[in-house]
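Asks: sequence and predicted structure are below.
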Amino acid sequence: MSVTAGPAFHCAAPLLVTRAPSFVPPPGACDCHSHVIGLPPAHPFVAERSYTPPEATPAAYLGNLRALGMARGVLVTVSVHGDDNRLMSDTIAAHRDRLAGVAVVRPDVSARTLDALGEAGVRALRLNMLFGGGTGLAALDVLAPLCAARGWHLELLLDGLLLPGLEQRLAGLPVPVVIDHMGHLPPAGTGQDSARDAAISALLRLLENGRTWVKLSGAYRSSAGAAPWVDTLPLARQLHAARPDRCLWGSDWPHVAQVRMGFSPVDTLDWLGRVIPDAAGRAEVLVDNPARLYGFQGV
């Protein structure tokens, strides 16, 4: 479960991968959600951040991909850097054959900035309603047309319990939408079951429209327990059963906003093996779906 400890609290560094995953990832597998983090003064942190992370270098990120058996990856600009996308975009630009990016911009972003991000390998813009430093939902109607003009999508980090009220608005956007971390929905039995059920129904309807995607990721953020986060499996399996062709997976490395690090990145991949026990199903989520959404070529 995500841990909060006051404004801009210091969070733990990720653990190293010291064992092989429980299954061998297929060729062309993609980790669709990770971050790189620089340190001030070269890479300033925004004052309104929710946490203060340790450094997560591009070299460490690429090492984590190798350790997990991932051929490809998607980097998302982390909230503590606000709309400073330099470290993310420089990293993906140096590995255009295997990396793509999701940027954070403000509503007054210039066309020149967006064009440069696209040239680097950015394929989406992110709205973040959960952590300080991100761009919020108020920018949705401004940024959606900018994404549509470039063939990009929008990625939303939000409280999934709000989905029933947002459903029609999201369904009417001119771009595909990716819901991060299964909508951060709580597990069953936490006293919010009625609201949770309504949110799941809304998410399933959005998936059925064929223009919404969901990341089967961040189980540790919503679980009431430790790895392997078994209370998150029913929802993940339900989402995958509904639209396996609209599901993605990400390790969420380096697992920011955690006071204590009680799991390894490999545990997040093992969790996916529990969600999808068959190799063909995992190949669709790890290879085919990311290739379609982010435009990766070949295997």
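Replies: Looks like it came in fine.

Asks: CA atoms for contacts and neighbours, from now on please.
Replies: Fine.

Asks: which strand residues bridge the residue nearest to Arg246 when sequence neighbours are not counted?
Replies: Excluding the flanking residues, the one nearest Arg246 by Cα to Cα, 6 or more residues apart in numbering is Trp213, at 4.7 Å. In this structure, Trp213 bridges to Val178 when assessed by DSSP bridges.

Asks: give me the neighbour count for Trp213.
Replies: Residue neighbour count, defined by other Cα atoms under 10 Å, stands at 27 for Trp213.

Asks: equivalent analysis for Ile92, please.
Replies: 22.

Asks: could you measure from it over to Cys147?
Replies: Noted for Ile92: a distance of 19 Å to Cys147, by Cα to Cα, to the nearest Å.

Asks: could you measure Val46 against Val80, distance?
Replies: Relative to Val80, Val46 is positioned 6 Å away (criterion: Cα to Cα).

Asks: shared neighbours of these two, which are they?
Replies: Overlap of the contact sets of Val46 and Val80 (by Cα atoms under 8 Å, 6 or more residues apart in numbering) consists of Gly133.

Asks: excluding chain neighbours, give the residue nearest to Leu15 in space.
Replies: Excluding its sequence neighbours, the residue lying closest to Leu15 (Cα to Cα, 6+ apart) is Ser264, at 5.3 Å.

Asks: quick one on the thing from earlier: so the residue nearest to Arg246 versus Ala94, what's the distance?
Replies: 27 Å.

Asks: please apply the same query to Trp271.
Replies: From Trp271 across to Ala94, the span is 30 Å (Cα to Cα).

Asks: which one's more surrounded, the two?
Replies: Shown here are Trp271 and Ala94; by other Cα under 10 Å, Trp271 has more neighbours (25 against 12).

Asks: and the residue nearest the centre of the chain, helix, strand or coil?
Replies: The structure's the chain has its C-alpha centroid closest to His33; by Cα atoms, centre = their mean the separation is 4.1 Å. Taken by DSSP: H, G, I helix; E, B strand; the rest coil, the conformation at His33 corresponds to strand.

Asks: residues near the closest residue to it other than its chain neighbours, how many?
Replies: If you skip the residues right next to it in sequence, His33 has Gly250 as its closest partner in space, 4.3 Å away by Cα to Cα, 6+ apart. Gly250 has 24 neighbouring residues, counting by other Cα under 10 Å.

Asks: so what's Gly250 up against?
Replies: With contacts defined as Cα under 8 Å, 6+ apart, Gly250 is in contact with 30-34, 215-218.

Asks: again, only using 10 Å
Replies: Residues near Gly250 by Cα atoms under 10 Å, 6 or more residues apart in numbering: 30-34, 73-75, 180-181, 215-218, 265, 268-269, 272, 286.

Asks: likewise for Gly281?
Replies: For Gly281, the contacting residues are 240, 244-245, 273, 275, taking Cα under 10 Å, 6+ apart as the criterion.
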